[in-house]
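# Next input, structure requested:
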Amino acid sequence: MPLVTITVRKPCAFKSAVLDAVHTALVSSGVPITDKFQRVLELDADDFQFDASYPDLSSERTDDFVLIEILWSVGRSVKVKKKLLTELMQLLNTAGLDTENVMVCFKETAWENWSFGGGRLIHT
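Next up is the predicted model:
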């Protein structure tokens, strides 16, 4: 169960396109289509600061910078992550976003750390 969080600066007109692209790429990587848990953090510029060029980007980040965090269970290979990133960047590019403005962070947790409802640990 991936939990997707995107962080953007206010106002953000393209957040739905980002969420749709992330979900499409996740489904292509094997996540069930109904496994969709996403949230958006829309912050003022003072509350969302970032370096414009770290680490040696081909173009500087703008106010349209998007931080995508994908929290999912441990076990995906680097190959799966690279495939997901390739598809995600293609989808975002098609949606008109400059992919140099997109940073993705994968976070992994053990299967037993998920309770999907009712306090049940179904993976224990």
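# what's in contact with the longest helix anywhere in the chain?
The longest helix of the chain (DSSP state H) is helix 78-94. With contacts defined as Cβ atoms under 8 Å, 6 or more residues apart in numbering, helix 78-94 is touched by 17-18, 20-22, 24-26, 28-30, 68, 99, 102, 104, 106. Quick note: C-beta positions are derived from backbone N, CA and C, even for glycine.
# let's see it at 6 Å
Residues outside helix 78-94 that contact it (Cβ atoms under 6 Å, 6 or more residues apart in numbering): 21, 24-25, 28-29, 99.
# Which of these are buried? Put it as a ChimeraX command.
Only the buried members of these enter the following ChimeraX selection, criterion being 16 or more other Cβ atoms under 10 Å:
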select :21,25,29,99
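# quick one: which of the contacts of helix 78-94 sit in strands?
Among the contacts of helix 78-94, DSSP state E puts none in strands.
# Quickly name whichever of the contacts of helix 78-94 is closest to residue 110.
Residue 110 lies nearest to residue 29 out of those, by Cβ to Cβ, at 19.2 Å.
# So the spatially closest residue to the closest one that is not a sequence neighbour versus residue 12, what's the distance?
Leaving out its chain neighbours, the residue that sits closest to residue 29 by Cβ to Cβ, 6 or more residues apart in numbering is residue 84, at 4.6 Å. Distance of residue 84 to residue 12, given as Cβ to Cβ, to the nearest Å: 22 Å.
# So which of these two has more stuff around it?
Between residue 84 and residue 12, counting by other Cβ atoms under 10 Å, residue 84 is the more crowded of the two (21 against 17).
# OK, contacts around the residue nearest to the spatial centre of the chain?
Among the residues of the chain, the one closest to the centroid is residue 68, at 3.2 Å (Cα atoms, centre = their mean). By Cβ under 6 Å, 6+ apart, residue 68 lies in contact with 6, 104.
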